[in-house]
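Enquirer: Here is the input, now give the coordinates:
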Amino acid sequence: MIASTSFAAAHHLLGEKLCLHGITNLMGELPVSSLNRSTAAAKKRRTNFRAMSYDLGYKLPDSLGWLMTPQDKSKKPPLRRERMGGKWFGVILEWKGVIVEDDDPDLEPQVWYVLSQEEGKSYPPDSLLKKIDGMKTDQAISDVLCWSQDPLEIERLAARKEAIYRVLHGGYYRIRPGTIDFMNTLLSFSIPTVVVSTLSRQSLQEAIDAVDLQDYFDMTVAAEDVCRGKPEPEMFEVAAQRLGIEPDRCLVFGNSRLTIEAARNAGMRCVGIASRLPVYELQAADHVVRWLDQLSVVELQTLAGGDPIGRRARASHMEIVIED
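Expert: Presented below is the predicted three-dimensional model:
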């Protein structure tokens, strides 16, 4: 159980911050991370990648010819399917604990404590806090905490909880090590990518903007886009539908057991990210890593169930010379 002093401090902090105009970014213009990349830099990477010319010392097999195909952003979806002969795949990334650090494990309990104090509700015990971790707020309020069954009241409580979270969080996000390199790899190979979160659409977009990752995602899926959160598969099913990719060709990246269960329920493969839980607690996933950049494109495609690219190239000692 978290010490009562931390909850008292959180409640006091909330009282002071709510005096500010609205629920705004309370951290001002503080730098978010030395790893952040600007939007202009991301666009430049796209331009540079398209501008490369290649001189091959070995003729590529027809099945790998797509590697040398100039990329056309306006025709990206059709090209994805052509290059892999219908075997391309999509990547679904959770926001917290996968892309950005899940810095404060006490934050969510503090938010629930403040909300319970404001509403005169019983503070949830540890067992329930663990059960609702990763759930949609309205689902947790109605199905687990049983605070209300009235849709309007549930909506009000969920909105209030979101506001408290934004105040206590402060709008500060820290990108996890290896995330930028991994996202650049996805971008370079035009792998369709969607970010999902139980945050509201506004909060998720503000978070993405805060760390300048806007150009790395084809789609976003937020709390308003689904009716049921994890372990129900709806969030991941919506993500696959928006990408136009079959569920069995999607890779889900998450850092919780609920994520793994939801991915399984959606018929998708899952990569566990050991950012908060130890590796052994994520063994139900198809693969577990600590950092995103520990996975190559070959390993991603293998996990997605396709033929690994690169195996034949390594076997034939192919030499590729890239000239500016």
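Enquirer: now this protein, which segments are flagged as low pLDDT?
Expert: Along the chain, segments meeting pLDDT under 70 span 1-87, 103, 306-324.
Enquirer: Pop the domain breakdown of it in here.
Expert: 4-30+104-169, 39-101+173-323 (automatic domain parsing).
Enquirer: need the helices for the protein, in chain order.
Expert: 4-17, 39-51, 76-83, 107-119, 126-132, 137-139, 151-169, 179-188, 201-210, 234-243, 257-265, 297-304, 311-315 (DSSP state H).
Enquirer: which of the residues in the longest one are buried?
Expert: In other words, helix 151-169. 154, 157-158, 160-169 (16 or more other Cβ atoms under 10 Å). Placement of C-beta: from N, CA and C, glycine included.
Enquirer: Please work out the angle formed by the directions of that helix and helix 107-119.
Expert: Put simply, helix 151-169 runs at 130 degrees to helix 107-119, going by axes from the mean of the first three to the mean of the last three Cα atoms, to 10 degrees.
Enquirer: Just the CA coordinates for helix 151-169, please, in CSV.
Expert: In CSV, the C-alpha atoms belonging to helix 151-169 read as follows (Å, rounded to 0.1, in the frame of the first residue of the first chain):
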residue,chain,number,x,y,z
PRO,A,151,-23.7,6.0,-18.4
LEU,A,152,-23.7,9.8,-17.8
GLU,A,153,-22.2,9.4,-14.4
ILE,A,154,-19.6,7.0,-15.6
GLU,A,155,-18.7,9.5,-18.4
ARG,A,156,-18.4,12.3,-15.9
LEU,A,157,-16.1,10.2,-13.5
ALA,A,158,-13.9,9.1,-16.4
ALA,A,159,-13.5,12.7,-17.6
ARG,A,160,-12.6,13.8,-14.1
LYS,A,161,-10.1,11.0,-13.7
GLU,A,162,-8.5,12.1,-17.0
ALA,A,163,-8.3,15.7,-15.8
ILE,A,164,-6.6,14.7,-12.6
TYR,A,165,-4.2,12.5,-14.4
ARG,A,166,-3.1,15.3,-16.7
VAL,A,167,-2.6,17.6,-13.8
LEU,A,168,-0.5,15.2,-11.7
HIS,A,169,1.4,13.9,-14.7
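Enquirer: Could you list every helix and strand in contact with it?
Expert: helix 4-17, helix 107-119, helix 137-139, helix 201-210 (3 or more Cβ pairs under 8 Å, 6 or more residues apart in numbering; DSSP states H and E).
Enquirer: Packing partners of the third one?
Expert: By that I understand helix 137-139. helix 151-169.
Enquirer: and the helix it packs on with helix 201-210, angle?
Expert: 20 degrees.
Enquirer: heads up, I number from 9, so please use that
Expert: Okay, using 9 as the starting number, the last item reads as helix 159-177.
Enquirer: Is it correct that Met276 is in contact with Leu251?
Expert: No: judged on Cβ atoms under 8 Å, Met276 makes no contact with Leu251 at a distance of 11.7 Å.
Enquirer: Pull up the overlap in contacts between those two.
Expert: Shared contacts of Met276 and Leu251, defined by Cβ atoms under 8 Å, 6 or more residues apart in numbering, are found at Cys258.
Enquirer: When the two are compared, which one has more neighbours?
Expert: Met276 (24 against 21; other Cβ atoms under 10 Å).
Enquirer: Roughly how far does the more buried one sit from His295?
Expert: 13 Å (Cβ to Cβ, to the nearest Å).
Enquirer: how many other residues sit next to the nearest residue in space to Arg209 that is not next to it in sequence?
Expert: The shortest distance from Arg209 to any non-neighbouring residue, by Cβ to Cβ, 6 or more residues apart in numbering, is to Ala230 (3.9 Å). For Ala230, the neighbour count with other Cβ under 10 Å is 19.
Enquirer: mind checking how far Glu126 is from Lys169?
Expert: 10 Å.
Enquirer: Confirm for me that the residue nearest to Arg209 is in contact with Ser205.
Expert: Yes: using Cβ under 8 Å, Ala230 is in contact with Ser205, at 5.9 Å.
Enquirer: list residues touching both of the two?
Expert: Contacts common to Ala230 and Ser205, judged by Cβ under 8 Å, 6+ apart, are Leu212.
Enquirer: isn't Thr193 right up against Glu307?
Expert: No: the pair Thr193 / Glu307 is not scored as a contact, 11.0 Å apart, by Cβ under 8 Å.
Enquirer: need the contact list for the closest residue to Val297 other than its chain neighbours.
Expert: Nearest residue to Val297, sequence neighbours excluded (Cβ to Cβ, 6+ apart): Leu303, at 6.1 Å. Neighbour list for Leu303: 190, 279, 295, 297, 311 [criterion: Cβ under 8 Å, 6+ apart].
Enquirer: Thanks a lot, see you next time.
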